[in-house]
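Asks: Got a predicted model here, sequence first, then my questions.
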Amino acid sequence: MASIGLGLAALGRPGYINLGHDEDLPPGRAVEDLRQRTHQLLEQAWQAGVRYFDAARSYGLAEKFLGEWLTPERRPELTIGSKWGYTYVADWRNDVDTHEVKDHTLATFERQWPETLRALGGPPDYYLVHSLTADSPALGDKQLLDRLRQLADDGVRVGLSTSGPQQAETLRKAVDLGGPFTAVQATWNVLETSAGKALAEAHDAGWFVVVKEVVANGRLTARAGETPFNEFARQHGIAPDALAIGAAVQQPWADIVLSGAITAEQLESNLAYRTDGPLTEFVQQPEEYWTERSALPWI
């Protein structure tokens with residue numbers, strides 16, 4: 001059964017696409033306020049036994065906040081994942097048109113890898129290409145792939161995160177390369193299960209599998225209101241987020257299931273997950289799911 005990790009996508013910057021994100025953050029969303037909140041959630045997760053933490057270069061100051069919280073005593077007990085390939089450009093604002101810019105070139109890797117090292121105080125255990133898609137030139141960029149193989153030879157497991165309705169296709173292309181990739185972070189939840197078979201194949205091939213967006217950016221939480229899923233959860237006496245996380249945890253191919261909590265109450269509820277069958281009646285078509293996700297505002 002998978003372990004729970006904590007993802008910092010919604011904690012390291014003032015704007016994100018989670019439902020109710022603006023209501024969950026401290027008033028003003030100042031850097032120091034989010035630093036304190038992030039450290040509080042990291043400490044709460046640590047005390048609860050969480051040992052996997054996930055960040056990215058584009059998550060605002062998430063890597064820096066995580067690096068500040070790490071201690072030499074804790075670090076050997078933790079597994080840290082981070083990602084490169086997007087650059088945060090919102091300048092600590094949540095009312096801009098563009099929050100992050102995608103670029104999967106070797107030049108971006110060479111710029112962002114030292115930034116990650118400085119922010120974390122050392123290398124992460126996993127370093128992923130952020131939101132790789134099947135048409136990304138990165139999968140055919142020999143110089144980039146050779147550089148990533150060098151990173152893997154140095155002891156950092158190299159992987160990719162996926163997004164969009166073609167996640168399975170992207171993952172299979174990466175697996176077929178035979179390296180340097182050996183880890184994946186993919187979206188899977190009770191609404192969007194299309195990558196499940198490909199994730200199982202990758203896991204069987206020895207890949208490390210991390211599941212993200214398990215509560216569908218808040219659409220599988222009480223924030224979504226009176227939905228069929230939330231009514232099902234109510235009838236079974238469990239919080240919808242805990243039910244959604246439980247569905248992911250029970251997938252045999254999952255190694256880590258990420259909580260994206262940004263309040264102590266959310267993390268406590270996430271960690272109280274419970275499994276309750278396959279929940280297949282809530283599955284959407286991938287195109288429908290990703291169209292709805294793309295319409296979520298940054299708040």
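Replies: Ah, there it is. Numbers count the residues shown, from 1 in each chain.

Asks: On the three-state scheme, I17 is what?
Replies: Under DSSP: H, G, I helix; E, B strand; the rest coil, I17 falls in the coil class.

Asks: Quick check: nearest residue in space to it, chain neighbours excluded?
Replies: Leaving aside its sequence neighbours, I17 sits nearest to L296 (Cβ to Cβ, 6 or more residues apart in numbering; 4.1 Å). C-betas here are computed from N, CA, C, even on glycine.

Asks: Let me see the contact set for E268.
Replies: The contact partners of E268, by Cβ atoms under 8 Å, 6 or more residues apart in numbering, come to Q44.

Asks: How about R37?
Replies: Going by Cβ under 8 Å, 6+ apart, R37 touches L11, L25, P26, I262.

Asks: related to what we said a few turns ago, which strand or helix spans the residue nearest to I17?
Replies: Here L296 sits in a region with no helix or strand, counting by DSSP states H and E.

Asks: Test my guess that it contacts R223.
Replies: No. L296 lies out of contact with R223 (Cβ atoms under 8 Å); the separation is 11.4 Å.

Asks: which of those two has more neighbours?
Replies: Between L296 and R223, R223 has the larger neighbour count (other Cβ atoms under 10 Å), namely 19 against 16.

Asks: So what's the residue count around the closest residue to that one other than its chain neighbours?
Replies: The shortest distance from R223 to any non-neighbouring residue, by Cβ to Cβ, 6+ apart, is to L19 (4.0 Å). L19 has 21 neighbouring residues, counting by other Cβ under 10 Å.

Asks: residues in contact with L19?
Replies: L19 sits next to N217, G218, R219, T221, R223, A224, L296 when contact means Cβ under 8 Å, 6+ apart.

Asks: shared neighbours of L296 and R223, which are they?
Replies: Common neighbours of L296 and R223 are listed as N18, L19 (criterion: Cβ under 8 Å, 6+ apart).

Asks: Pull stretch 190-209 out as PDB, backbone CA atoms only.
Replies: Only the C-alpha atoms of stretch 190-209 are listed here, as PDB (Å, rounded to 0.1, in the frame of the first residue of the first chain):
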ATOM      1  CA  VAL A 190     -11.500   8.900  -8.900                       C
ATOM      2  CA  LEU A 191     -12.500  11.300 -11.700                       C
ATOM      3  CA  GLU A 192      -9.400  10.800 -13.900                       C
ATOM      4  CA  THR A 193      -8.200   7.200 -14.000                       C
ATOM      5  CA  SER A 194      -6.900   7.000 -17.600                       C
ATOM      6  CA  ALA A 195      -3.200   6.700 -16.700                       C
ATOM      7  CA  GLY A 196      -3.700   3.800 -14.400                       C
ATOM      8  CA  LYS A 197      -2.700   1.000 -16.700                       C
ATOM      9  CA  ALA A 198       0.400   2.800 -17.900                       C
ATOM     10  CA  LEU A 199       1.300   3.500 -14.300                       C
ATOM     11  CA  ALA A 200       1.000  -0.100 -13.500                       C
ATOM     12  CA  GLU A 201       3.200  -1.000 -16.400                       C
ATOM     13  CA  ALA A 202       5.800   1.500 -15.300                       C
ATOM     14  CA  HIS A 203       5.700   0.200 -11.700                       C
ATOM     15  CA  ASP A 204       6.200  -3.400 -13.000                       C
ATOM     16  CA  ALA A 205       9.200  -2.100 -14.900                       C
ATOM     17  CA  GLY A 206      10.800  -0.900 -11.700                       C
ATOM     18  CA  TRP A 207       9.700   2.700 -11.800                       C
ATOM     19  CA  PHE A 208       8.900   4.800  -8.700                       C
ATOM     20  CA  VAL A 209       5.300   6.000  -9.000                       C
END
